[in-house]
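Engineer: give me a 3D structure for the following:
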Amino acid sequence: MIEGLKIIDLAVHEDARGWFKENWRGDWLDFTPVQQNVSFNAAKGTTRGLHAEPWDKLVSVAHGRVFGAWHDLREGSPTFGETVTHEFGPEAAVFVPRGVANGFQALADDTVYTYLVGDYWSAQAQYANISLSLVDWPLQPVHVSAKDAATPATAEAVAPRRVLVTGADGQLGTALKALLPDAEFCSRADFDITDPPARPWRQYAAIINAAAYNDVDGAEDDRARAWAVNATGPARLARIAAEHDLTLVHVSSDYVFDGTKDGAYTEEDPVSPLSLYGASKAAGDTAAATAPKHYVVRTSWVVGAGGNFVRTMMKLAERGVEPRVVDDQRGRPTFVEDLAKGIVHLLTERPEYGVYNVSNSGDEITWFDLASATYQLVGAEGLEVTPVSTEEYAAGRPQAIRPKNSIFDLSKIKETGFTPADWRRSLETYIGGSAD
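Structural biologist: Residues are numbered from 1 along each chain as shown. Down below sits the predicted model:
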């Protein structure tokens with residue numbers, strides 16, 4: 001059997017008038033048709049195909065009978081090159097995945113063959129046709145089109161739907177490149193989420209929104225820009241995802257909470273942001289959730305390529321600086337390689353859509369603890385890291401209010417089969433890699 005090809009038995013209710021059937025229900029498959037096509041075949045033996053279009057389709061018979069044939073032309077498919085045949089009439093429908101070539105032969109005069117398809121026909125789409133000679137047809141083929149008769153016995157594989165990643169130049173975007181080499185990575189110059197450029201969206205499977213306005217303090221003054229990127233942008237991506245049946249992955253923040261909870265935050269806790277940055281991220285979460293297929297991934301204390309807290313501590317240690325570091329804000333760091341793995345896991349395993357907390361696992365710490373661990377790993381034990389309160393550290397500095405509790409409950413993501421690495425192990429790896 002070709003992977004993803006489904007033969008669906010239909011209940012046909014017959015009486016003196018003829019028959020009635022349910023030909024399609026939205027809860028049968030993860031499939032959103034946008035166009036219906038009908039093929040009328042006047043003479044039995046009429047043979048059409050084998051055509052692979054870049055969209056899913058559900059085929060059925062409204063009148064007569066057909067001998068259906070399908071050949072897998074999907075790049076990377078475990079059943080690539082396999083052929084399946086099946087005779088059916090009104091009592092069945094067949095779901096044909098994108099990139100699987102579809103063909104049929106009419107077994108009766110006046111056969112009506114129908115298609116529900118997942119994208120609008122376009123002359124610019126990538127088509128892949130393969131010869132009818134691959135199939136042992138029950139009747140001598142007649143009325144074969146000149147194009148079908150000339151189709152070769154080999155065809156170029158149909159590339160899978162792509163994943164589009166925004167914010168490609170950021171820490172998370174950089175980490176995702178190693179895990180999604182075939183994805184389309186867009187920087188802000190390529191793709192501004194506040195004004196998304198046109199794309200053939202139904203040729204994409206998902207959007208990972210790693211773009212964000214991350215200057216927590218700057219957002220207090222640059223409010224319009226922060227809101228545009230963190231709230232309006234996700235709303236526009238959600239609309240695209242909803243209209244074109246895509247999965248939207250939106251990356252959020254611990255700043256959507258006020259940090260006053262006694263214990264770890266779950267995905268069900270109500271948001272209560274303290275800052276404009278936090279409010280804009282909370283609004284983005286709400287907007288992203290309007291996409292029927294969405295994963296809102298909340299994370300905290302992100303560490304990756306480029307500027308971040310750990311790298312700052314490493315540089316200070318190298319210069320012999322003894323820093324004062326906040327010791328009353330608690331959480332766990334999130335190393336972007338682990339965050340990227342969690343996102344890919346969600347897109348691969350497809351658990352229930354919704355909000356997921358993703359940070360590293362391990363003991364709960366403060367920024368002071370993370371700085372101390374960094375100094376120890378880089379061999380700067382002789383230098384002192386001094387703990388201070390948030391109020392002491394912020395004295396004389398205009399600063400947005402930070403949540404004092406950024407600890408996430410990770411039960412939900414673990415139940416899907418993904419357990420984030422312990423932050424201490426990831427810190428060792430990160431520092432070791434930075435030294436190479």
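
Engineer: look up how far Val355 lies from the residue nearest the centre of the chain.
Structural biologist: Against the mean C-alpha coordinate of the chain, by Cα atoms, centre = their mean, the closest residue is Ala206 at 4.0 Å. Using Cβ to Cβ, to the nearest Å, Ala206 is found at 17 Å from Val355. Quick note: C-beta positions are derived from backbone N, CA and C, even for glycine.

Engineer: repeat that for Gly278.
Structural biologist: For Gly278 relative to Val355 (Cβ to Cβ), the value is 15 Å.

Engineer: what about those two, which has more around it?
Structural biologist: Gly278 (26 against 20; other Cβ atoms under 10 Å).

Engineer: isn't the more buried one right up against Gly259?
Structural biologist: No: if you go by Cβ atoms under 8 Å, Gly278 and Gly259 don't touch, sitting 9.8 Å apart.

Engineer: which residues do the two both contact?
Structural biologist: Common contacts of Gly278 and Gly259 (Cβ atoms under 8 Å, 6 or more residues apart in numbering): Pro403.

Engineer: low-confidence ranges, the stretch 51-200 of the chain, go.
Structural biologist: Residues of the stretch 51-200 of the chain meeting the criterion pLDDT under 70: none.

Engineer: can you give me the helices for it?
Structural biologist: For the stretch 51-200 of the chain, the helices defined by DSSP state H, counting those that start in this stretch occupy 146-149, 171-179.

Engineer: how much space between the nearest residue to Val302 once chain neighbours are set aside and Ala380?
Structural biologist: Leaving aside its chain neighbours, Val302 sits nearest to Thr334 (5.2 Å; criterion: Cβ to Cβ, 6 or more residues apart in numbering). Distance, Thr334 to Ala380, by Cβ to Cβ: 24 Å.

Engineer: who has more neighbours, these two?
Structural biologist: Neighbour totals were compared for Thr334 and Ala380, and Thr334 leads with 28 against 20 (other Cβ under 10 Å).

Engineer: ramachandran coordinates for that one?
Structural biologist: phi -130, psi 110 (degrees, to the nearest 10).

Engineer: I figured it hits Ser361, correct?
Structural biologist: No: here Thr334 does not reach Ser361: they are 10.2 Å apart, not a contact under Cβ under 8 Å.

Engineer: any residues in contact with both of the two?
Structural biologist: In contact with both Thr334 and Ser361: Pro420, Trp423, using Cβ under 8 Å, 6+ apart.

Engineer: Asp369 belongs to a strand, doesn't it?
Structural biologist: No: the assignment for Asp369, made by DSSP: H, G, I helix; E, B strand; the rest coil, is helix rather than a strand.

Engineer: dump the residue contacts of it.
Structural biologist: By Cβ under 8 Å, 6+ apart, the neighbours of Asp369 are Asp327.

Engineer: what pLDDT does it get?
Structural biologist: Predicted confidence (pLDDT) at Asp369: the value is 97.

Engineer: then Asn230 would be within a helix, right?
Structural biologist: Yes: according to three-state DSSP, Asn230 belongs to a helix.

Engineer: need the three-state assignment for the residue nearest to it when sequence neighbours are not counted.
Structural biologist: Once flanking residues are discounted, Asn230 sits nearest to Ser280: 3.7 Å by Cβ to Cβ, 6+ apart. State at Ser280, reduced to three classes by three-state DSSP: helix.

Engineer: measure Ser280 to Tyr213 for me?
Structural biologist: 7 Å.

Engineer: quickly list what's touching both of these two.
Structural biologist: With Cβ under 8 Å, 6+ apart, Ser280 and Tyr213 have common neighbours Ala219, Ala226, Val229, Asn230.

Engineer: wait, doesn't the second one sit right on Ser275?
Structural biologist: This points to Ala226. No: counting by Cβ under 8 Å, Ala226 stays clear of Ser275, with 9.7 Å between them.

Engineer: between those two, which has more neighbouring residues?
Structural biologist: Ala226 (24 against 20).

Engineer: pull the number of nearby residues for Glu243.
Structural biologist: Around Glu243 there are 13 other residues, counting by other Cβ under 10 Å.

Engineer: hang on, it packs against Trp201?
Structural biologist: Yes: applying Cβ under 8 Å as the test, Glu243 and Trp201 come out as touching, 7.5 Å apart.

Engineer: list the contacts for Met313?
Structural biologist: So Met313 contacts Pro323, Leu370, Ala371, Thr374, Tyr375 (Cβ under 8 Å, 6+ apart).

Engineer: closest one of the residues you listed to Ala291?
Structural biologist: Leu370 (34.2 Å; Cβ to Cβ).

Engineer: spatially nearest residue to that closest one, not counting backbone neighbours?
Structural biologist: Pro333 (6.0 Å).

Engineer: when Ser280 and Tyr213 are compared, which one has more neighbours?
Structural biologist: Taking other Cβ under 10 Å, Ser280 and Tyr213 do not tie; Ser280 has more neighbours (27 against 21).

Engineer: from Asp222, how far out is the more buried one?
Structural biologist: Where Asp222 is concerned, Ser280 sits at a distance of 11 Å (Cβ to Cβ).

Engineer: give me the common contacts of those two.
Structural biologist: Common neighbours of Ser280 and Asp222, using Cβ under 8 Å, 6+ apart, are Tyr213.

Engineer: pretty sure Lys281 contacts Pro273?
Structural biologist: Yes: taking Cβ under 8 Å as the definition, Lys281 is a contact partner of Pro273 at 7.2 Å.

Engineer: neighbour count winner among the two?
Structural biologist: Lys281 (29 against 19).

Engineer: who are the contact partners of the more buried one?
Structural biologist: Counted by Cβ under 8 Å, 6+ apart, Lys281 has contacts Ala212, Asn230, Ala231, Ser252, Ser253, Tyr255, Val256, Pro273.
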